[in-house]
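J.: What follows is a protein structure lacking sequence information:
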């Protein structure tokens, strides 16, 4: 065995409630911002497929958990939908939701699959967005109550909790680049949302630790290492600035309790500091995470600015650097993302050297491919050897980091089964398990799922 991983390594996959459960308007669930956006602008979604038409986990969870076991999972991350558990965002808890999540957790434990539970995966309840989302103190406090409610209901069995998945994404996509609802393009408001999210996270961490439960709490961050075009000082500066905005803006406060001083200086110079109370900084300082989840898909390559932005253009982070397309880079043409496996090693070593070797795991890594049906073999399952190769090539670099002392305890693929991917709907497939939308959501394990069982049985390859 050339690549042997540590004992009790977490092998599994990740998903989310809004992307897999379906049952969007049954048993008391109320709309999230995704349901609302689809209702008003269905044309913004690939093939017009909205969030009601997800992968039916709400009804097929027993079958799915059995397939997790069959594909070698010892752990699985999903999320609790705020709009299902507390449908109005505040107030009464939905007993049907409690029953569902209890059933899922118990079924996972019975199958030997450790539940990793996330609390927020881009899915703001519409009622909370109408109050201002994470720009609002009321919503920040409501989220903290939602988190504490989850800990009290399920914390006796769930030992790994995560406050947010990729909190930078709603900031970027919803408040800068017009990719997600509420489709705001306003850097000042984006900063306020980022700060409010960080404060909400810290309040949830505080609530979890106050309950003295037997478990750990963290956050899931998508880290995209910023590589300079060259070693020219101007390119190095550009990479540093990109890293501040897109990685350290969340990584530093959740692990060190403070924001990077040079990022704060940039915001102050331009009049973009958020509104906050002095005690907010104390709350963030005193409530750092126990464990970090790292989502890694692609690197960020940058260079010094070639042309200055128009003085009347709304400020964006890219006013300080340019994105750079490295010649002859390896690409996933379906997703439009560079494949650069070494970055997973670079992330791990950065956490080792600059973040006190914090315990972490790879909480997402994966490859979305369009039109996978063309790879179906004579036995009727998809021969996704490209996904196996993708996983192996990343695990080799992760193994090297672990050998060099990085504190990594697991690897989760995105995702277990083909799921709905926001505005992209089902355009690209990511799963170990195929979901046939035209045949009652029929599940079929792909070649990668069969291989993953071999990998986890051997704890390496």
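T.: Looks like it came in fine. Because the structure is a prediction, the values reported are computed rather than measured.
J.: Quick one: low-confidence residue ranges for the stretch 51-200 of the chain.
T.: Counting by pLDDT under 70, the stretch 51-200 of the chain shows no low-confidence range.
J.: could you pull out the strands for it?
T.: Assigned strands in the stretch 51-200 of the chain, in chain order: 75-79, 114-118, 160-165 (criterion: DSSP state E, counting those that start in this stretch).
J.: And the helices in the stretch 201-350 of the chain?
T.: 233-243, 249-256, 261-269, 278-286, 342-354 (DSSP state H, counting those that start in this stretch).
J.: Can you say which of these is packed in most?
T.: helix 249-256 (a mean of 22; mean count of other Cβ atoms under 10 Å). (C-beta placed from N, C-alpha, C; glycine too.)
J.: so what does that one touch, helix or strand wise?
T.: Of the remaining helices and strands, those touching helix 249-256 by 3 or more Cβ pairs under 8 Å, 6 or more residues apart in numbering; DSSP states H and E are helix 187-210, strand 216-222.
J.: give me that answer again for 10 Å
T.: Helix 249-256 is packed against strand 160-165, helix 168-175, helix 187-210, strand 216-222, helix 261-269, helix 278-286, strand 291-295, helix 342-354, with contacts defined by 3 or more Cβ pairs under 10 Å, 6 or more residues apart in numbering; DSSP states H and E.
J.: rewinding a little: now render the helices of the stretch 201-350 of the chain as a markdown table, adding distance to residue 360.
T.: Shown next, in a markdown table, are these (distance: least, Cβ to Cβ, whole Å):
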| stretch | distance to residue 360 |
| --- | --- |
| helix 233-243 | 17 |
| helix 249-256 | 10 |
| helix 261-269 | 22 |
| helix 278-286 | 20 |
| helix 342-354 | 6 |
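J.: Among these, which comes closest to residue 180?
T.: With Cβ to Cβ, the closest approach to residue 180 among these belongs to helix 249-256: 17.3 Å.
J.: what's the angle from that closest one to helix 187-210?
T.: 30 degrees (axes from the mean of the first three to the mean of the last three Cα atoms, to 10 degrees).
J.: Now do the buried residues in the helix or strand containing residue 394.
T.: Using DSSP states H and E, residue 394 sits within helix 385-403. Residues 387-388, 390-391, 394-402 are the ones in helix 385-403 that count as buried (16 or more other Cβ atoms under 10 Å).
J.: Likewise for stretch 146-162?
T.: 146-151, 153-155, 158, 160-162.
J.: Kindly report the same for stretch 436-454.
T.: Quick answer for stretch 436-454 (16+ other Cβ under 10 Å): 437, 441, 443, 444, 445, 446, 447, 448, 449, 451, 452, 453.
J.: isn't there a strand covering the third one?
T.: It stands for residue 443. Yes. Residue state for residue 443 (DSSP: H, G, I helix; E, B strand; the rest coil) corresponds to a strand.
J.: Next up, the contacts around the closest residue to it other than its chain neighbours.
T.: Nearest non-adjacent residue to residue 443, counting by Cβ to Cβ, 6 or more residues apart in numbering: residue 433, 5.2 Å away. Residue 433 makes contact with 13, 55, 63-64, 67-68, 70-71, 381-382, 415-419, 443-446, 448-449, according to Cβ atoms under 10 Å, 6 or more residues apart in numbering.
J.: now with 6 Å?
T.: 67, 417, 443, 445, 449 (Cβ atoms under 6 Å, 6 or more residues apart in numbering).
J.: What of residue 329?
T.: Neighbours of residue 329 in contact, by Cβ under 6 Å, 6+ apart: residue 338.
J.: what about 8 Å?
T.: 338, 340 (Cβ atoms under 8 Å, 6 or more residues apart in numbering).
J.: got the phi/psi numbers for it?
T.: phi -70, psi 150 (degrees, to the nearest 10).
J.: Per-residue pLDDT of it, please?
T.: On pLDDT, residue 329 comes in at 93.
J.: one step back: past the helix holding residue 394, which element shows up next along the chain?
T.: Next along from helix 385-403, by DSSP H and E: strand 408-414.
J.: Is it correct that residue 363 falls within a strand?
T.: Yes. According to three-state DSSP, residue 363 belongs to a strand.
J.: Setting aside sequence neighbours, what's the nearest residue to it?
T.: Excluding the flanking residues, the one nearest residue 363 by Cβ to Cβ, 6+ apart is residue 293, at 3.1 Å.
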